[in-house]
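Visitor: would you be able to build a 3D model of this:
(4 chains)
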Number of protein chains: 2
Amino acid sequence: MAGRGEHGGAARRVTIADVAREAGVSPGAVSFALNNRPGVADATRRRVLDAAAELGWRPNHRARALSHQSSFTLGLVVARPTTTVGADPFFPAFVAGVTAALQPSEQSLTFTVVPDHDAEIETYRRFAAEKRVDGVFLTDLRVHDPRPALMAELGLPAVTLGRPDRTSSAGRVGAVSVDDSAGMREVVRTLVDAGHHRIAHVTGPAEFLHVRSRREAWEATLTAAGLAADLLVHTDFSAGEGAGATDRLLSRRVPPTAITYANDVMAMAGLAVAQRRGLAVPTDLSITGFDDVELAHYANPPLTTVRTDVAGWGTAAAHALLAAVADATARDVDLPPARMIARASVAPPTPARPRKGTS
Amino acid sequence: MAGRGEHGGAARRVTIADVAREAGVSPGAVSFALNNRPGVADATRRRVLDAAAELGWRPNHRARALSHQSSFTLGLVVARPTTTVGADPFFPAFVAGVTAALQPSEQSLTFTVVPDHDAEIETYRRFAAEKRVDGVFLTDLRVHDPRPALMAELGLPAVTLGRPDRTSSAGRVGAVSVDDSAGMREVVRTLVDAGHHRIAHVTGPAEFLHVRSRREAWEATLTAAGLAADLLVHTDFSAGEGAGATDRLLSRRVPPTAITYANDVMAMAGLAVAQRRGLAVPTDLSITGFDDVELAHYANPPLTTVRTDVAGWGTAAAHALLAAVADATARDVDLPPARMIARASVAPPTPARPRKGTS
DNA sequence: CTGAAAGCGCTTACAG
DNA sequence: CTGAAAGCGCTTACAG
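Guide: Numbering: from 1, shown residues only, chains lettered A, B, ... in the order given. Predicted coordinates:
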């Protein structure tokens, strides 16, 4: 009768049957009372709640999952080699946003890193077959991505980060999107306005939609300004390949006067390469990044970059997925676009050819 | 009878009862056969396995969890503000190592980011009360850390990353450790051998044991060389505070000739600060980091740092926790120590005072 | 408004 | 070696 169990400790677990006995009702009534379902008199409900509190009862997750036909678990599977996953600041921030949103709900997140795309697909199949999760977050969308259709086949609720390219957006898959091309356009326009004519773009693997959208923003902005969009390098997003790409660009007979990178890590590696070659940034070469990692602010010079609210993205995606799980309805959410953060790594090219004089 | 269910799809789930019917045995026998338990004739086992494969049967995780009294889930709770969790390369790499180790087992990982230590404790209590997980990884050990004792109270198997300070290592808690002080000693000894006399240390919050062990390694190595260990700054591990600490150190009447940082992010921010003040690195100031993030290799100059195999740590911790969950026995594991990675950010101080001439 | 019963899909003693 | 039954701790129709 006393406060035993109040510490939720290793003592014999208290079940709904104990609460029922204590409150003098049936186990079924306890369940109804505890879950705030109609059909229980206020006085009875009170009695049950008091008994549950006194006994220190806590719902057994395993039993609830089985009888409620729900895992109370959301899944995030990231296909990335173990060696490089640490370099991407996206996932910890995204997960932080997701789990913050999940706090008040009874859901938690299962997070898995797998080596490649095939293993990722296999994981979803296993999740669905074993009823491991109630829904999944789909990240790193690709061209002709098979995952939205797979989700429909598996009957697995899902949200994608960003919009899939084909309108195969099968049934239950909603898209939670941040327009990162907006930030990219701002960056390129700023460089054009500063008088740059040869603006390169160093980005990630071509199959990613987020890579494509940034590249297209770069292209379109250059084309609109009557400039050639011919200095494009695809990498694996690593510092190493970012450095290599920079070296090759700067070794051209007519090198670019500005390089836009699709992440901050490559931009900072590129910055080091340029400086090692004796170029002053931004005087001899302007450089921009993407992500706005904290270090970007403390680079020398501080890096002009593009900021996305990644944790906010995680929170919004979690809410959308929770809703999809609850009513099997897909809905799209558009978050505020990524914005340029102007810092000192951009300046007019030398010899300066002033243009519009905006900057 | 055909391959329906082979896609594990949204079709009506096939249960053990279906397999039993198909194989002409009881559901209990199916369970025994499927779990490779003795007491089933080979021929019967064959028949069951064939039936299961034909029907596309997959174990229902929810049902197994309830009847097996096991969650098949391990927990990682990280107390860190959402805003800074992205800056730490540790967690993605650690999680990758953990989930790689979990692949062949039936366990998965639930990963949660909470804002502070109290919320972390609360999460463990909830995990235990609701039977959410079978065990947890305890990271960022502190001075007088209450968590090992809490695990004993909750009856929750756990492993700590690194050894707790008090021998309150309650029962079921094993420690999986990497000696990072070894790398720190190498770094300081290298600087001493190069002729440095004023070697500072910029590190994280004093309550973390991993901060303390690096600081003590720095102190002990200096003391052994007859040098003063008086240039110490504690920060929150952020680039911003690393930059601020550097600025203050370099503004001293007699500034250090070398600064050792407890992570690469602060080291790179410090590098930028030094260069902005007109100092050449390493000529005027030697700098070292910790972590060996990929960018460290591509800094200008490349950063001397200390490398830990974080993914390997995750894998070893996962194996240890799996074992602790299986037999409730704590065991300690010692992994290879962290090693210095020598790069170009270290040189003798100017004016050079050659000493042993090792470097 | 309330109670007794069945059910979620497995596992595990316990008899034969 | 094998089968029938009970049990894990909840939820949810279904009668009263």
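
Visitor: count of neighbours near A:Ser221?
Guide: Check again: residue A:221 is Thr, not Ser. A:Thr221: 23 surrounding residues under other C-beta atoms under 10 Å in any protein chain shown. From N, CA and C alone the C-beta is placed, and that goes for glycine too.

Visitor: without its sequence neighbours, what residue ends up closest to it?
Guide: Nearest in space to A:Thr221, with sequence neighbours left out and distances taken as C-beta to C-beta, 6 or more residues apart in numbering or on different chains, is A:Val188 at 3.9 Å.

Visitor: other SSEs contacting the stretch of helix or strand the one you found belongs to?
Guide: Secondary structure from DSSP states H and E places A:Val188 in helix A:180-193. With contacts defined as 3 or more C-beta pairs under 8 Å, 6 or more residues apart in numbering or on different chains; DSSP states H and E, helix A:180-193 has these neighbours: strand A:199-203, helix A:209-224, strand A:258-261, strand A:286-288, strand A:305-307, strand A:339-341.

Visitor: what does that helix contact?
Guide: A:199, A:210, A:213-214, A:216-218, A:220-222, A:225, A:227, A:258, A:260, A:286, A:288, A:290, A:304, A:306-308, A:337-340, A:342, A:346, A:355-356, A:358-359 (C-beta atoms under 8 Å, 6 or more residues apart in numbering or on different chains).

Visitor: list only buried entries from the residues you listed.
Guide: A:199, A:210, A:213-214, A:217-218, A:221-222, A:225, A:227, A:258, A:260, A:286, A:288, A:290, A:304, A:306, A:308, A:337-340, A:346, A:359 (16 or more other C-beta atoms under 10 Å in any protein chain shown).

Visitor: and A:Ala296, what is it in contact with?
Guide: With C-beta under 8 Å, 6+ apart, A:Ala296 has these contacts: A:Asp264, A:Ala267, A:Met268, A:Gly289, A:Pro302, A:Leu303, A:Thr305, A:Ile341, A:Arg343.

Visitor: try 10 Å
Guide: Contact partners of A:Ala296, counting by C-beta atoms under 10 Å, 6 or more residues apart in numbering or on different chains, are A:264-265, A:267-268, A:288-290, A:302-307, A:341, A:343, A:345, B:239.

Visitor: any of the residues you listed buried? List them.
Guide: A:264-265, A:267-268, A:288-290, A:302-306, A:341, A:343, A:345, B:239.

Visitor: what subset of those is also close to DNA strand C?
Guide: When C-beta under 7 Å from any atom of the strand is applied, no member of the buried ones among the contacts of A:Ala296 is adjacent to DNA strand C.

Visitor: how many residues are close by A:His144?
Guide: 9.

Visitor: still on that earlier bit, quick one: average pLDDT of the helix holding A:Val188?
Guide: Helix A:180-193 carries an average pLDDT of 97.

Visitor: now do that helix against strand A:199-203, angle only.
Guide: Per axes from the mean of the first three to the mean of the last three C-alpha atoms, to 10 degrees, the angle that helix A:180-193 makes with strand A:199-203 is 150 degrees.

Visitor: can you pull out the helices in the stretch 101-250 of chain A?
Guide: Using DSSP state H, counting those that start in this stretch, the helices of the stretch 101-250 of chain A run over A:117-129, A:147-154, A:180-193, A:209-224, A:239-250.

Visitor: which of those has the lowest mean pLDDT?
Guide: Among these, helix A:147-154 carries the lowest mean pLDDT, a mean of 93.

Visitor: that one to helix A:117-129, inter-axis angle?
Guide: Relative orientation of helix A:147-154 versus helix A:117-129 (the same axes, to 10 degrees): 30 degrees.

Visitor: helices or strands up against helix A:147-154?
Guide: Helix A:147-154 sits against helix A:117-129, strand A:135-138, strand A:158-161, strand A:173-178, with contacts defined as 3 or more C-beta pairs under 10 Å, 6 or more residues apart in numbering or on different chains; DSSP states H and E.

Visitor: what's the most buried one of these?
Guide: Mean neighbour count (mean count of other C-beta atoms under 10 Å in any protein chain shown) peaks for strand A:158-161 among the helices and strands packed on helix A:147-154, with a mean of 27.

Visitor: roughly how far out does that strand sit from the chain middle?
Guide: 10 Å (C-alpha atoms, centre = their mean, to the nearest Å).

Visitor: now it: mean pLDDT?
Guide: Strand A:158-161 shows a mean pLDDT of 97 in the predicted model.

Visitor: and the longest helix for chain A?
Guide: helix A:310-327 (DSSP state H).

Visitor: so what's A:Arg198 up against?
Guide: By C-beta under 10 Å, 6+ apart, the contact set of A:Arg198 is A:191, A:222, A:227-228, A:230-231, A:249, A:252, A:254-259, A:349.

Visitor: repeat the analysis, applying 8 Å as the threshold.
Guide: A:Arg198 neighbours (C-beta under 8 Å, 6+ apart): A:Leu227, A:Leu231, A:Val254, A:Pro255, A:Pro256, A:Thr257, A:Ala258.

Visitor: before we move on, back to that, any chance of the helices and strands packed on helix A:180-193 in TSV, plus distance to B:Pro146?
Guide: Listed next are the helices and strands packed on helix A:180-193 as TSV, based on distance: least, C-beta to C-beta, whole Å:
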stretch	distance to B:Pro146
strand A:199-203	47
helix A:209-224	42
strand A:258-261	44
strand A:286-288	46
strand A:305-307	37
strand A:339-341	40
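
Visitor: closest one to A:Tyr124 among these?
Guide: Closest to A:Tyr124 of these is helix A:209-224 (C-beta to C-beta; 18.6 Å).

Visitor: CA-only coordinates of the closest one in CSV, if you can.
Guide: Extracted in CSV, the C-alpha atoms of helix A:209-224 (Å, rounded to 0.1, in the frame of the first residue of the first chain):
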residue,chain,number,x,y,z
LEU,A,209,18.2,15.8,-55.1
HIS,A,210,19.5,18.4,-52.6
VAL,A,211,22.7,18.5,-54.6
ARG,A,212,20.7,18.9,-57.8
SER,A,213,18.6,21.7,-56.5
ARG,A,214,21.6,23.7,-55.4
ARG,A,215,23.4,23.1,-58.6
GLU,A,216,20.4,24.2,-60.6
ALA,A,217,20.1,27.3,-58.5
TRP,A,218,23.7,28.1,-59.2
GLU,A,219,23.2,27.4,-62.9
ALA,A,220,20.0,29.4,-63.3
THR,A,221,21.4,32.4,-61.5
LEU,A,222,24.5,32.5,-63.6
THR,A,223,22.5,32.0,-66.8
ALA,A,224,20.1,34.7,-65.9
